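> let's see this in three dimensions:
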Amino acid sequence: MDQKWNYDLTSLLRLYKPHDVLVTCKGSDNGFVEYQNAIASRFSQQPVVWKRHGKPFQYPLTFPIKFCAFDESLCFGPHMTQSDLPNIAYLHLYVIDSASVDEYRTSVRHNVSEWFAKVSSKSDVQWLIIVDSTRAKEKKNRPSLLEKLRHDFSKHTSKLVEVSESVEHGSFVGLVQAVQSALFAHLDILTDTWETFLSNSRGKYTDMNWSLSSYCYSTMEYARLFWSLGALDHSLTLYNELDQYLFDIVEEMAITRVDREPRWIVSLRSENLPFLSLYSSFEQSKIDLKKNHSLIAIRHFLVAQQILLSLCIYNARHRSRGAAPSLRVDFAALILKYTKHVLDIALVQSRTALMNVATSRLACWSLVICSETLHITGLLAEPSTVEGAAASVCAIQLQRFSSMLDLSNLSECDTSEARDLLDWLSVNDSSESPEFLREMLQSSSNFAAQLLKAYDTATTTLVQWGRNRQAMHVGWRMAEWMRKNSRNAGNALTLETRFISSLLSSGCRSEVVVDVMKFVIPHLDAKDDYDKLLEYRLFIALHATNLDDRRRFAADFISQLEERRNRKFGLFKNLSNLKFF
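Next comes the predicted model:
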């Protein structure tokens, strides 16, 4: 496809939307904004080591902290649903900056007591009371104020953290340590809760009320949690594990008896495929849990996250010291591999009853994902030069050509299927792909030009990587389209004879070669194509499985020789080892 894509690597990286690490704040904000900024900067820029179950987690973490006002609904507790987990605050702070005990007693104590009652009543909520003693020091009231606070919160003195003067003061280190401990404590609870849910849900896919969309949503949000915390490789591992799990259960459930099918299978079969581009899925941070999704839609969103995350990993490593010279090529190959993988699965599982998608829509989806992947890969390295990705590049180019052929019957047609497809493409998408496809399908000349480009690119790529026979087969398919649409019969014949030559040179002697030759012979000229006619007739006479065909073409072969008895002819070297029956 000749569509122009209006985004570069920088704009793609900006599309990622991390989970915010929420920290609520209540009480005095006089001067504490400076502390907020310092805390947010510290934890977003300086990785820390999280010990999980007593062992250091294999990836250092950063915390994209966002401060917000206190809301009791943000407290961890039994009211939560699985979808609430990413939105729960990690830590709740109350800031006290009273200058004296009297000021604390009259202006602060009641409010902090109300807040304390809410956060302390929930066992898994992390909270701290920050005491800014700057004003109390100035009034020489610091000792009495701290003594009063320790008395009021005598059972929780470890939760009282004193700061003074500014972030440059040594007390800021104690605040950072207290915040870090609280973040880790919440992360322990959060990950244990999340993994328990996923573990319990993973094996229930045969249950009638199990939800595939909910499971995929929760797993991808869990992966996005670690993505947000800077553990990019761990996040990618979680996406890859979901990928394999999804393939396995669909393969298993595809052969389940209809009367034993869970509801999620019925939903998959009934849900249609909305138009999707990779770019629009990059912009979408998560799938809509309120909707059921088709298998292709789920897989599309998954591969979009795998590709975008791969770009983020590349960007992180590219900026680090000691980055490998092959980094661009390595990640270009990875992105190509992900796209080939999802195309292969779509091809295999589209044959099952679980993927109820019209061929034309599947072709449009394939075209878009192939073209976008090649553009994205090109932002890192020219796809045709990516060592180790030959299979992926060839498969993507071949699929793009095949998808164009799948759409060829609908080009400039007024059938109900063509109208339905154009209506399906009447959507707003930031990639502008629907508009491009509509214009192509509504103009036969435009479609033919795009098909020719897809053919040229596919054959060039296949030949480059040594897949000559596959390239010749693409030529055969292109010739079929040319003959069907009455376009350049001479070129079609050239492509057909090249395909036959590739089959003969590979030593193929199957009935397929016989059938191809039988199709081509009527289009050959008795004078200009004399040698080819002789060659093909002899081959059929020797290798056809149908005895009548062998006799008929043997007679044609002899007749042709007798007609040109005095002509000096040369048989192709392909026939040098053949023997008459």
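> C-alpha from now on. contacts and neighbour counts both.
Noted.
> okay, now the unreliable bits of the chain?
Scanning the chain for pLDDT under 70 picks out the ranges 1-2, 270-271, 289-290, 350-355, 412, 565-581.
> hey, where'd the strands end up in it?
21-27, 51-52, 55-56, 65-69, 91-96, 127-132, 160-163 (DSSP state E).
> how about the ones you listed in a markdown table, adding distance to residue 193?
Listed next are the strands of the chain as a markdown table, based on distance: least, CA to CA, whole Å:
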| stretch | distance to residue 193 |
| --- | --- |
| strand 21-27 | 17 |
| strand 51-52 | 14 |
| strand 55-56 | 18 |
| strand 65-69 | 21 |
| strand 91-96 | 17 |
| strand 127-132 | 19 |
| strand 160-163 | 28 |
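> could these be laid out in TSV, adding mean neighbour count?
As requested, those are exported to TSV (neighbours: other CA atoms under 10 Å):
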stretch	mean neighbour count
strand 21-27	21
strand 51-52	14
strand 55-56	10
strand 65-69	17
strand 91-96	23
strand 127-132	23
strand 160-163	20
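> do you know which of the ones you listed lies nearest residue 229?
Closest approach to residue 229 among these (CA to CA): strand 21-27, 8.7 Å.
> what's that closest one packed up against?
Here strand 21-27 touches strand 65-69, strand 91-96, going by 3 or more CA pairs under 8 Å, 6 or more residues apart in numbering; DSSP states H and E.
> try it again at 10 Å.
Helices and strands touching strand 21-27, by 3 or more CA pairs under 10 Å, 6 or more residues apart in numbering; DSSP states H and E, are helix 32-45, strand 65-69, strand 91-96, helix 109-120, strand 127-132, helix 171-202.
> what's the neighbour count on residue 312?
20 (other CA atoms under 10 Å).
> surely it meets residue 235?
No - using CA atoms under 10 Å as the test, residue 312 is too far from residue 235 to be in contact (11.3 Å).
> what do those two both touch?
Overlap of the contact sets of residue 312 and residue 235 (by CA atoms under 10 Å, 6 or more residues apart in numbering) consists of 227, 306.
> and stretch 275-289, which residues are buried?
Of all the residues in stretch 275-289, those buried under the rule 16 or more other CA atoms under 10 Å are 275-282, 284-287.
> tabulate those residues (TSV), appending distance to residue 430.
Output for the buried residues of stretch 275-289, formatted as TSV (distance: CA to CA, whole Å):
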residue	distance to residue 430
275	12
276	10
277	8
278	10
279	7
280	6
281	10
282	10
284	11
285	15
286	17
287	17
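> of the residues you listed, which is the nearest to residue 69?
residue 285 (23.8 Å).
> tell me where the stretch 301-450 of the chain has helices.
For the stretch 301-450 of the chain, helices defined by DSSP state H, counting those that start in this stretch occupy the ranges 327-349, 359-378, 390-407, 416-424, 433-441, 444-464.
> export the helices and strands packed on strand 21-27 as JSON lines, with columns for distance to residue 416.
Formatted as JSON lines, these follow (distance: least, CA to CA, whole Å):
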{"stretch": "helix 32-45", "distance to residue 416": "55"}
{"stretch": "strand 65-69", "distance to residue 416": "52"}
{"stretch": "strand 91-96", "distance to residue 416": "58"}
{"stretch": "helix 109-120", "distance to residue 416": "61"}
{"stretch": "strand 127-132", "distance to residue 416": "62"}
{"stretch": "helix 171-202", "distance to residue 416": "42"}
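> contacting residues around the closest residue to residue 497 other than its chain neighbours?
With CA to CA, 6 or more residues apart in numbering as the criterion, residue 497 has its nearest non-adjacent residue at 7.7 Å, and that residue is residue 520. For residue 520, the contacting residues are 493, 496-497, 500, 533, 536, by CA under 10 Å, 6+ apart.
> rerun that using 8 Å as the cut-off
493, 496-497 (CA atoms under 8 Å, 6 or more residues apart in numbering).
> and if you look at residue 112?
27, 94.
> tell me the spacing between it and residue 214.
Distance of residue 112 to residue 214, given as CA to CA, to the nearest Å: 39 Å.
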